[in-house]
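Give me a 3D structure for the following:
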Amino acid sequence: MTLLNELRTTTRRSSDLSKHSADVFAEAEDHTVQITRRDGETLVLMSQREADARDTLLQFAADLITVTLDDEGTLASRMADRFQWMLALSPEDQTKCAQDLVNAARASFATGQPHLAIAELTSWRETATAIAAGLSSLPIEWLDDAEPVERP
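Down below sits the predicted model:
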């Protein structure tokens, strides 16, 4: 079993790469392509976006492992120590964030889809950033009494 399950991978011969490079490159933009060679190890061709997503997921996994190895405090407090942007969240949201991130990471590893964990991480981080900037879900008072105006 691999760390990241391959959901969609095609296999091409090295001769396909030289004879039909445009087709092989188009496939690699969509999903991973294995290039087999008679005289060497199989190579993998993928987009930079996919490689970056895998790197980000592996870094996130390393951070989660570091957090779970610590046994002092709650999961939320240990994660807030590692991901300091979480300190902008309320204690309740820190707890929810921690559990959501763990669940998304598990789903990403189980399905081989790095975007699940990356999207969850980005969403919570952007929420914390917005809260730190003073944005909230409370209604803005000065808009309550605003009167509509005609379009110019």
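
All the strands of the protein, in order from the start?
9-13, 32-37, 40-45 (DSSP state E).

per-residue confidence for the residue nearest the centre of the chain?
By C-alpha atoms, centre = their mean, the mean C-alpha position of the chain lies nearest to I118, the distance being 1.2 Å. pLDDT for I118: 92.

hang on, the earlier thing: please identify the most buried of the strands of the chain.
For the strands of the chain, average neighbour numbers computed from mean count of other C-beta atoms under 10 Å are highest in strand 32-37, which has a mean of 17. (Glycine included, C-beta is placed from N, CA and C.)

if we can go back for a sec, mind checking the strands of the chain for the one nearest to T122?
Closest approach to T122 among the strands of the chain is made by strand 32-37 (22.8 Å; C-beta to C-beta).

The closest one packs against which elements?
Contacts defined by 3 or more C-beta pairs under 8 Å, 6 or more residues apart in numbering; DSSP states H and E place strand 32-37 against strand 9-13, helix 14-19, helix 21-30, strand 40-45.

just to revisit the earlier point, distance to A80 for the strands of the chain - can I get that in CSV?
What follows is those, written out as CSV (distance: least, C-beta to C-beta, whole Å):
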stretch, distance to A80
strand 9-13, 38
strand 32-37, 35
strand 40-45, 37
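
need those strands in TSV with distance to H20 and mean pLDDT, can you?
Formatted as TSV, those follow (distance: least, C-beta to C-beta, whole Å; pLDDT from 0 to 100):
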stretch	distance to H20	mean pLDDT
strand 9-13	8	87
strand 32-37	11	90
strand 40-45	13	91
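
Out of the ones you listed, the one nearest E150 is which?
Using C-beta to C-beta, these put strand 32-37 closest to E150, at 55.8 Å.
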